[in-house]
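Novice: Mind folding the following:
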Amino acid sequence: MADAFAEAQALLRDGRITEAKARLENLLAAEPHHGGSLHMLGLVALQDGAPEQAVTLMRQAAQIDADVPALHANLGFALLACDRPEDAAASFTSALALNPTLDPARQGLADVSNMLAARALAAGDAPAALTWVRQSLAATQTPVARHLFAAVVPLLARVQTDAAFRVALTRALNENWGPPIPCRPWRRRWRGAVICTTL
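Specialist: Numbering: from 1, shown residues only. Below is the predicted model:
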């Protein structure tokens with residue numbers, strides 16, 4: 001069983017998705033509660049553009065293998081692809097509780113903050129957008145967070161006076177963070193990508 005699972009993982013890493021999927025389905029037919037196979041099939045579903053199916057498979061896997069940080073991180077990305085940032089944040093937090101150094105989970109939390117900042121910005125709620133952007137900038141200095149920050153600043157009724165805001169504002173002006181980008185990068189980023197495959 002372990003050899004067959006390792007072969008399926010290798011096929012998935014090599015981009016041989018159809019073969020990997022068939023191998024994983026055979027493994028599940030023989031052992032229906034194999035958490036690793038459910039997790040990997042969830043990644044296949046996410047790559048195939050079926051995030052809801054990915055969530056279902058990964059949640060089943062998490063009931064079996066609750067102590068696998070990569071599983072929780074990948075579940076978070078599947079939930080983000082389903083436009084469920086609050087649930088995604090809980091999965092990323094679970095992953096970080098198991099492995100505080102798991103960078104994809106940390107980036108996932110930043111992506112959640114960016115998504116919620118963009119929603120608040122679209123709704124005209126600049127203070128809420130600023131709160132989410134600050135969380136994202138505290139975690140990672142991504143271009144998306146910088147662009148969102150640059151979009152939030154003009155909408156604020158009054159300039160915030162705390163030091164963190166002044167530092168971010170100074171950097172935004174000095175580094176020309178620019179206007180917000182018009183796309184939804186958190187959706188595009190993991191469609192077709194395996195985010196975290198270490199088991």
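Novice: What helices and strands are in contact with the longest helix along the chain?
Specialist: When the chain is parsed with DSSP state H, its longest helix is helix 103-122. Under the contact criterion of 3 or more C-beta pairs under 8 Å, 6 or more residues apart in numbering; DSSP states H and E, helix 103-122 touches helix 69-81, helix 85-98, helix 126-139, helix 143-152, helix 185-190. Any C-beta I mention is one placed from the backbone N, CA and C, and that applies to glycine too.
Novice: if we go to 6 Å?
Specialist: On a contact count with 3 or more C-beta pairs under 6 Å, 6 or more residues apart in numbering; DSSP states H and E, helix 103-122 meets helix 69-81, helix 85-98, helix 126-139, helix 143-152.
Novice: Columns distance to Leu109, mean pLDDT and mean neighbour count on top of these, output as JSON lines?
Specialist: Shown next, in JSON lines, are the helices and strands packed on helix 103-122 (distance: least, C-beta to C-beta, whole Å; pLDDT from 0 to 100; neighbours: other C-beta atoms under 10 Å):
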{"stretch": "helix 69-81", "distance to Leu109": "8", "mean pLDDT": "96", "mean neighbour count": "27"}
{"stretch": "helix 85-98", "distance to Leu109": "5", "mean pLDDT": "96", "mean neighbour count": "20"}
{"stretch": "helix 126-139", "distance to Leu109": "6", "mean pLDDT": "86", "mean neighbour count": "20"}
{"stretch": "helix 143-152", "distance to Leu109": "12", "mean pLDDT": "83", "mean neighbour count": "22"}
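Novice: and those helices as JSON lines, adding distance to Leu46?
Specialist: Shown next, in JSON lines, are those (distance: least, C-beta to C-beta, whole Å):
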{"stretch": "helix 69-81", "distance to Leu46": "5"}
{"stretch": "helix 85-98", "distance to Leu46": "13"}
{"stretch": "helix 126-139", "distance to Leu46": "22"}
{"stretch": "helix 143-152", "distance to Leu46": "20"}
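Novice: Nothing else from me, thank you.
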